[in-house]
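In: My questions concern the predicted model and sequence given below.
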Amino acid sequence: MCVGIKSEEPLTDRNQLVFEKPSDSQFGTAKQKRRNNEERKEKAKDAARNRRTEESDYFEELEKLLPVTGPPPSSQQTTLDKTSVIRLSVAHLKTQDVLQNGIPTPMVKEEIFPEIDLFSCLDGFSLILSNNGDVIYVSDNVSRYIGLTQVELLGQDFSDYVHPCDHNQL
(Lines give C-alpha, C1' and ligand atoms only; values in the text may rest on other atoms or scores of the structure.)
Protein backbone atom coordinates (compact mmCIF):
# COMPACT_ATOMS: atom_id res chain seq x y z
CA MET A 1 0.00 0.00 0.00
CA CYS A 2 1.29 3.47 -0.86
CA VAL A 3 1.41 6.13 1.82
CA GLY A 4 1.65 9.77 0.90
CA ILE A 5 2.81 12.84 2.77
CA LYS A 6 0.61 15.89 2.68
CA SER A 7 1.88 19.18 3.93
CA GLU A 8 0.89 22.75 3.25
CA GLU A 9 3.98 24.31 4.81
CA PRO A 10 7.60 23.30 4.79
CA LEU A 11 8.48 20.66 7.36
CA THR A 12 10.84 21.62 10.13
CA ASP A 13 10.48 18.66 12.42
CA ARG A 14 9.97 14.95 11.80
CA ASN A 15 7.20 14.85 14.36
CA GLN A 16 5.10 17.10 12.18
CA LEU A 17 4.81 14.49 9.39
CA VAL A 18 1.22 13.68 8.52
CA PHE A 19 0.45 10.33 6.87
CA GLU A 20 -2.61 10.12 4.72
CA LYS A 21 -4.38 6.92 3.81
CA PRO A 22 -4.97 6.53 0.06
CA SER A 23 -8.54 7.18 -0.95
CA ASP A 24 -10.79 4.75 -2.83
CA SER A 25 -10.56 6.90 -5.96
CA GLN A 26 -6.83 6.20 -6.14
CA PHE A 27 -7.51 2.45 -6.02
CA GLY A 28 -10.10 2.90 -8.76
CA THR A 29 -7.55 4.48 -11.11
CA ALA A 30 -5.16 1.57 -10.50
CA LYS A 31 -7.90 -0.89 -11.43
CA GLN A 32 -8.73 1.16 -14.50
CA LYS A 33 -5.07 1.24 -15.54
CA ARG A 34 -4.87 -2.53 -15.12
CA ARG A 35 -8.04 -2.97 -17.19
CA ASN A 36 -6.70 -0.65 -19.92
CA ASN A 37 -3.44 -2.57 -19.93
CA GLU A 38 -5.31 -5.87 -20.35
CA GLU A 39 -7.40 -4.40 -23.16
CA ARG A 40 -4.23 -3.18 -24.87
CA LYS A 41 -2.70 -6.66 -24.57
CA GLU A 42 -5.83 -8.25 -26.07
CA LYS A 43 -5.77 -5.79 -28.98
CA ALA A 44 -2.09 -6.59 -29.60
CA LYS A 45 -2.82 -10.34 -29.52
CA ASP A 46 -5.71 -9.91 -31.97
CA ALA A 47 -3.57 -7.78 -34.29
CA ALA A 48 -0.76 -10.36 -34.23
CA ARG A 49 -3.25 -13.18 -34.88
CA ASN A 50 -4.71 -11.26 -37.83
CA ARG A 51 -1.20 -10.62 -39.25
CA ARG A 52 -0.31 -14.31 -38.98
CA THR A 53 -3.59 -15.31 -40.67
CA GLU A 54 -3.02 -12.85 -43.49
CA GLU A 55 0.59 -14.04 -43.88
CA SER A 56 -0.58 -17.66 -44.05
CA ASP A 57 -3.12 -16.75 -46.70
CA TYR A 58 -0.39 -15.10 -48.79
CA PHE A 59 1.85 -18.17 -48.48
CA GLU A 60 -1.03 -20.49 -49.49
CA GLU A 61 -1.73 -18.31 -52.52
CA LEU A 62 1.96 -18.25 -53.44
CA GLU A 63 2.17 -22.04 -53.08
CA LYS A 64 -0.73 -22.45 -55.51
CA LEU A 65 1.16 -20.36 -58.08
CA LEU A 66 4.27 -22.58 -57.95
CA PRO A 67 4.79 -24.92 -60.89
CA VAL A 68 5.69 -27.87 -58.64
CA THR A 69 3.35 -30.22 -56.84
CA GLY A 70 3.21 -30.30 -53.02
CA PRO A 71 5.64 -31.66 -50.48
CA PRO A 72 7.63 -34.82 -51.19
CA PRO A 73 5.67 -38.09 -50.89
CA SER A 74 7.94 -39.18 -48.04
CA SER A 75 6.73 -36.18 -46.01
CA GLN A 76 3.69 -36.27 -43.76
CA GLN A 77 2.88 -32.62 -44.49
CA THR A 78 -0.08 -31.69 -46.63
CA THR A 79 1.38 -28.33 -47.66
CA LEU A 80 4.87 -26.91 -48.02
CA ASP A 81 6.45 -25.02 -45.14
CA LYS A 82 7.06 -21.28 -45.55
CA THR A 83 10.80 -21.66 -46.09
CA SER A 84 10.24 -24.15 -48.90
CA VAL A 85 7.65 -21.90 -50.53
CA ILE A 86 10.13 -19.01 -50.54
CA ARG A 87 12.99 -21.25 -51.79
CA LEU A 88 10.85 -22.66 -54.62
CA SER A 89 9.54 -19.22 -55.55
CA VAL A 90 13.07 -17.85 -55.85
CA ALA A 91 14.11 -20.85 -57.97
CA HIS A 92 11.09 -20.30 -60.24
CA LEU A 93 11.90 -16.60 -60.62
CA LYS A 94 15.52 -17.44 -61.49
CA THR A 95 14.30 -19.95 -64.08
CA GLN A 96 12.05 -17.34 -65.64
CA ASP A 97 14.96 -14.89 -65.75
CA VAL A 98 17.18 -17.44 -67.52
CA LEU A 99 14.45 -18.28 -70.02
CA GLN A 100 13.68 -14.64 -70.78
CA ASN A 101 17.16 -13.10 -70.70
CA GLY A 102 19.78 -15.84 -70.76
CA ILE A 103 18.85 -18.12 -73.63
CA PRO A 104 18.54 -16.64 -77.12
CA THR A 105 15.53 -17.93 -78.98
CA PRO A 106 16.63 -20.13 -81.89
CA MET A 107 15.66 -19.47 -85.46
CA VAL A 108 14.19 -22.94 -85.83
CA LYS A 109 10.80 -23.84 -87.11
CA GLU A 110 8.67 -25.10 -84.26
CA GLU A 111 6.96 -28.39 -84.88
CA ILE A 112 4.09 -29.72 -82.88
CA PHE A 113 4.57 -33.25 -81.61
CA PRO A 114 1.37 -35.10 -80.81
CA GLU A 115 1.28 -35.92 -77.09
CA ILE A 116 4.94 -36.90 -76.77
CA ASP A 117 6.55 -36.61 -73.36
CA LEU A 118 10.08 -35.58 -74.28
CA PHE A 119 11.54 -36.68 -70.94
CA SER A 120 10.14 -40.20 -71.33
CA CYS A 121 12.24 -40.49 -74.51
CA LEU A 122 15.44 -39.53 -72.69
CA ASP A 123 17.41 -41.83 -70.47
CA GLY A 124 17.91 -39.29 -67.67
CA PHE A 125 16.56 -36.05 -66.34
CA SER A 126 17.06 -32.37 -67.02
CA LEU A 127 18.67 -29.97 -64.55
CA ILE A 128 19.40 -26.24 -64.89
CA LEU A 129 21.76 -24.39 -62.54
CA SER A 130 22.10 -20.68 -61.88
CA ASN A 131 25.43 -18.85 -62.05
CA ASN A 132 25.83 -19.46 -58.31
CA GLY A 133 25.32 -23.21 -58.67
CA ASP A 134 21.76 -23.26 -57.30
CA VAL A 135 19.32 -25.71 -58.87
CA ILE A 136 16.69 -23.57 -60.59
CA TYR A 137 14.97 -26.22 -62.69
CA VAL A 138 14.62 -30.00 -62.44
CA SER A 139 12.43 -32.18 -64.62
CA ASP A 140 9.59 -34.17 -63.04
CA ASN A 141 11.26 -37.52 -63.65
CA VAL A 142 14.28 -36.78 -61.43
CA SER A 143 12.97 -38.93 -58.57
CA ARG A 144 13.07 -42.02 -60.79
CA TYR A 145 16.85 -41.62 -61.17
CA ILE A 146 18.18 -40.22 -57.90
CA GLY A 147 15.31 -40.70 -55.45
CA LEU A 148 14.87 -36.99 -54.70
CA THR A 149 11.86 -34.96 -55.80
CA GLN A 150 11.74 -31.59 -57.54
CA VAL A 151 10.70 -29.93 -54.29
CA GLU A 152 13.72 -31.32 -52.46
CA LEU A 153 16.19 -30.16 -55.14
CA LEU A 154 14.87 -26.80 -56.35
CA GLY A 155 16.65 -23.81 -54.83
CA GLN A 156 19.36 -25.95 -53.23
CA ASP A 157 23.09 -25.63 -53.90
CA PHE A 158 24.04 -28.34 -56.42
CA SER A 159 27.40 -28.93 -54.74
CA ASP A 160 25.53 -30.27 -51.69
CA TYR A 161 24.58 -33.31 -53.80
CA VAL A 162 27.98 -33.87 -55.40
CA HIS A 163 30.68 -35.93 -53.71
CA PRO A 164 33.46 -33.68 -52.28
CA CYS A 165 36.07 -35.42 -54.48
CA ASP A 166 34.15 -34.26 -57.57
CA HIS A 167 33.74 -30.60 -56.55
CA ASN A 168 36.74 -29.50 -58.63
CA GLN A 169 34.94 -30.76 -61.76
CA LEU A 170 32.01 -28.45 -61.14
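Out: Sure, I can see it.

In: helices or strands next to the longest helix along the chain in the packing?
Out: Assignment by DSSP state H gives helix 24-65 as the longest helix of the chain. Applying 3 or more CB pairs under 8 Å, 6 or more residues apart in numbering; DSSP states H and E, we find helix 24-65 packed against helix 82-97. Using the backbone N, CA and C atoms, a C-beta is placed for each residue, glycine as well.

In: So for the helix it packs on, mean pLDDT?
Out: Here helix 82-97 scores 82 as its mean pLDDT.

In: What residues sit buried inside it?
Out: Neighbour counts over helix 82-97 (16 or more other CB atoms under 10 Å) mark Ser84, Val85, Arg87, Leu88, Ser89, Ala91, His92, Lys94, Thr95 as buried.

In: what angle separates that helix from helix 24-65?
Out: Comparing the axes of helix 82-97 and helix 24-65 via axes from the mean of the first three to the mean of the last three CA atoms, to 10 degrees yields an angle of 40 degrees.

In: which residues are contacting helix 82-97?
Out: Residues from elsewhere that reach helix 82-97 (CB atoms under 8 Å, 6 or more residues apart in numbering): 59, 62-63, 66-68, 71, 80, 128, 130, 134-137, 151, 154-156.

In: Show me how to select, in PyMOL, the buried members of those residues.
Out: Selection command for PyMOL covering only the buried members of the contacts of helix 82-97, criterion 16+ other CB under 10 Å:
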select buried, resi 59+63+66+68+71+80+128+130+134+135+136+137+151+154+155+156
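
In: Restricted to helices, list the contacts of helix 82-97.
Out: Using DSSP H, Phe59, Leu62, Glu63, Val151 are the members of the contacts of helix 82-97 that sit in helices.

In: Read off the pLDDT value for Glu115.
Out: 66.

In: Kindly report the same for Asp24.
Out: Per-residue pLDDT puts Asp24 at 55.

In: Next: Ser74.
Out: Reported pLDDT at Ser74 in the predicted model: 59.

In: ditto for Ala47
Out: For Ala47, the predicted pLDDT is 93.

In: From Tyr58, how far out is it?
Out: Between Ala47 and Tyr58 the computed distance is 17 Å (CB to CB, to the nearest Å).
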